[in-house]
Structure formats: C-alpha cells, structure tokens
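J.: Give me the fold of what follows.
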Amino acid sequence: MVLKRTNVYAEDTDLALIKEAAARLGVAEAEIIREGIHRIALAHRAWDEPFVSDEETFDLGGPVEQDEIRTAVTEGHAERERRNRGRAA
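T.: Residues are numbered from 1 along each chain as shown. Take a look at the predicted model:
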C-alpha cells in the first residue's frame, strides 16, 4: 500500500479524541486517522454488485432478535471479504 501525504483540517475536540484513542490503543494518531478515512470512504463507495446476491440469503427460520440479525450480517460480510481478498491475490 502506497501512502500519500495530505492536509486535513479538524476540530480540536476531534483531534483530542484521536489522541486519546491512539494512546489507549498504543498506535500512532495517524493510524487512527487513516482508519477513519478508510471507513468513511467505504461507507460512501458505490458498489459494482449487490451486497447480497440472489444465492446468498439469510434463512433464520422465523422471528429473530436484533443480535441474531447483527450476527448474520456480520458473518455474511466477513465471508464476502474473505472471497474478495482471494480474488485480489
């Protein structure tokens, strides 16, 4: 991965939160900022294909709880990420 330098203006309160998180996690502040940039970029990405295809359905067998839905979506996303990493290699 090639990193490029850029300048970003941020509020003091956000920078303080980043500093606290970096200290708590034992990582550089820049790492927290890069992760934030990556997450927001993915959140606004226009995907070329649907998140779930017609073959990928979630049959949970009836009424489900919120945590069951969250688990199913998380596992489905993790599986798709594993497949995507396999294609990129």
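J.: Next one, pLDDT for the residue nearest the centre of the chain please.
T.: Nearest residue to the geometric centre of the chain (C-alpha atoms, centre = their mean): R39, 5.0 Å. At R39, the model reports a pLDDT of 92.
J.: And for A43?
T.: 88.
J.: and it, how many neighbours?
T.: Taking other C-beta atoms under 10 Å as the criterion, the count of residues near A43 is 7. All C-beta atoms are positioned from the backbone trio N, CA, C, and that covers glycine.
J.: packing partners for the host helix or strand of A23?
T.: Using DSSP states H and E, A23 sits within helix 12-25. Counting contacts by 3 or more C-beta pairs under 8 Å, 6 or more residues apart in numbering; DSSP states H and E, helix 12-25 packs against helix 29-43.
J.: contact partners of the helix it packs on?
T.: 3, 8, 18-19, 21-22, 25 (C-beta atoms under 8 Å, 6 or more residues apart in numbering).
J.: any idea how far P50 is from L3?
T.: 31 Å (C-beta to C-beta, to the nearest Å).
J.: where in the chain is pLDDT low?
T.: 58, 60, 87-89 (pLDDT under 70).
J.: where does the biggest helix by length in it sit relative to the chain's centre, distance-wise?
T.: Using DSSP state H to define each element, the chain has its longest helix at helix 66-88. Averaging C-alpha positions (C-alpha atoms, centre = their mean, to the nearest Å) puts helix 66-88 11 Å from its chain's average.
J.: returning to that earlier point: could you tell me the angle between the helix holding A23 and helix 29-43?
T.: Orientation check (axes from the mean of the first three to the mean of the last three C-alpha atoms, to 10 degrees): helix 12-25 against helix 29-43 gives 110 degrees.
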